[in-house]
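Visitor: predicted model and sequence follow; I will ask about them next.
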Amino acid sequence: MVFEEEQIVGGIYGEIYWGWLEIEFLYLPDSLRAQGLGSQLLHRIETLACQSGVNRVLVTTFSFQAYDFYQKYGYETVGVITDYPPGFSHYTLVKHLVPSSGSA
């Protein structure tokens, strides 16, 4: 979570089931974007997933949302619905996590 004046203003949420982490949402207001906070949140949830024995992550997004962001961090497109909504695309992406070899 990201706090501003003791209020939650952004964060990431996901669920673990069937050996997967499914990221439900990652949100930051415009004023907090392009500062590395999104990548920090993504890295943290991936680390927590690895610590829980998860090695795959699933996320969906639209072309006007975070598609390029997830690709930048190693997520691969496994599905696309074009023109949904009209003029845009809806993507399903997957990332295979590599467990850390060090002990915590």
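Guide: Cool, got the structure. Owing to the predicted nature of the structure, the values given are computational and were not obtained by experimental measurement.
Visitor: quick one: contacts of the longest helix seen in the chain?
Guide: If you go by DSSP state H, the chain has its longest helix at helix 37-51. Residues from elsewhere that reach helix 37-51 (CB atoms under 8 Å, 6 or more residues apart in numbering): 2, 10-12, 14, 16, 21, 23, 26, 28, 57, 66, 69, 73, 95, 97, 99-100, 104. Where you see a C-beta, it was placed from the backbone N, CA and C, and this is true even at glycine.
Visitor: buried sites along that helix?
Guide: For helix 37-51, a neighbour-count test (16 or more other CB atoms under 10 Å) marks L37, G38, L41, L42, I45, E46, A49, C50 as buried.
Visitor: give me the mean pLDDT for the helix or strand containing L21.
Guide: Assigning secondary structure by DSSP states H and E places L21 in strand 20-27. Strand 20-27 carries an average pLDDT of 95.
Visitor: now do it: which elements does it pack against?
Guide: The contact analysis (3 or more CB pairs under 8 Å, 6 or more residues apart in numbering; DSSP states H and E) places strand 20-27 against strand 7-17, helix 37-51, strand 56-62.
Visitor: from Y27, how far out is the closest residue to P29 other than its chain neighbours?
Guide: Nearest residue to P29 in three dimensions, chain neighbours excluded: V9, at 5.7 Å (CB to CB, 6 or more residues apart in numbering). From V9 across to Y27, the span is 9 Å (CB to CB, to the nearest Å).
Visitor: what's around the residue nearest to P29, how many residues?
Guide: 14 (other CB atoms under 10 Å).
Visitor: ok, back up a step: what would the buried residues of helix 37-51 look like in JSON lines with distance to H90 and pLDDT?
Guide: Formatted as JSON lines, those follow (distance: CB to CB, whole Å; pLDDT from 0 to 100):
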{"residue": "L37", "distance to H90": "25", "pLDDT": "88"}
{"residue": "G38", "distance to H90": "20", "pLDDT": "89"}
{"residue": "L41", "distance to H90": "22", "pLDDT": "93"}
{"residue": "L42", "distance to H90": "20", "pLDDT": "96"}
{"residue": "I45", "distance to H90": "22", "pLDDT": "96"}
{"residue": "E46", "distance to H90": "22", "pLDDT": "96"}
{"residue": "A49", "distance to H90": "23", "pLDDT": "95"}
{"residue": "C50", "distance to H90": "27", "pLDDT": "94"}
